[in-house]
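S.K.: Here's my sequence, what's the structure:
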Amino acid sequence: MVIPASVRAEIVRHSQAEIPNEACGLLVARHGVAERYEPGTNLEPSPHRFSIKPGNPETAFLEDEGYVIGLVHSHISSPAYPSKTDVENARLDWPNRPFLIYSVRLDDLAAFTIGEDGRIEQAPLTLS
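M.R.: All right, here's what the predicted structure looks like:
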């Protein structure tokens, strides 16, 4: 997936604004290119977990128009790699879909898919 600098900047801004808690939102992409980031609300405000309430509930319906919706959340102090909690939640609620993590401490953004079996696969990510 290609992440334009403006989209990455929105992820970073939202993640920093939510400190000390994890931020979460949705990435809207088409043809492998992220078009925008839509901040959500973390219903479990915590530095170690999240439960997303999308800022715009209509975003989920964009998949019917050919968009790919990815889940984004931040890790405050840990690397941009799925935690055990991330894997458990993603395999149940977000299997085989883009799952991006931004590490605030390391200023690092990484993408994954997590299968229903809990298998983590790093997804290619290009910043433009």
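S.K.: Identify the residues contacting Glu22.
M.R.: Taking C-beta atoms under 8 Å, 6 or more residues apart in numbering, we find Glu22 in contact with Asn42, Ser46, Pro47, His48, Arg49, Phe50, His73, Ser74, His75, Ile76. (C-beta placed from N, C-alpha, C; glycine too.)
S.K.: next one: Glu88
M.R.: Gly118.
S.K.: How about the one 3 residues further on?
M.R.: If a contact means C-beta under 8 Å, 6+ apart, then Arg91 has Ile114, Gly115, Glu116, Asp117, Gly118 as its contacts.
S.K.: can you put the residues you listed in JSON lines and add neighbour count?
M.R.: JSON lines is the format used below for these (neighbours: other C-beta atoms under 10 Å):
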{"residue": "Ile114", "neighbour count": "23"}
{"residue": "Gly115", "neighbour count": "13"}
{"residue": "Glu116", "neighbour count": "10"}
{"residue": "Asp117", "neighbour count": "7"}
{"residue": "Gly118", "neighbour count": "14"}
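S.K.: which parts of the top helix by length along the chain are buried?
M.R.: For the chain, the helix with the greatest residue count under DSSP state H is helix 5-17. Residues of helix 5-17 classed as buried: Val7, Arg8, Glu10, Ile11, Val12, His14, Ser15 (neighbour count, 16 or more other C-beta atoms under 10 Å).
S.K.: can you count the residues close to the nearest residue to the last one once chain neighbours are set aside?
M.R.: I take that to be Ser15. Nearest residue to Ser15, sequence neighbours excluded (C-beta to C-beta, 6 or more residues apart in numbering): Ser74, at 3.8 Å. Number of residues near Ser74 (other C-beta atoms under 10 Å) recorded here: 28.
S.K.: Quick one: list the elements packing against whichever strand or helix holds Ser74.
M.R.: Element membership for Ser74, per DSSP states H and E: strand 68-75. Secondary-structure packing of strand 68-75 (3 or more C-beta pairs under 8 Å, 6 or more residues apart in numbering; DSSP states H and E): helix 5-17, strand 24-30, strand 33-42, strand 99-103.
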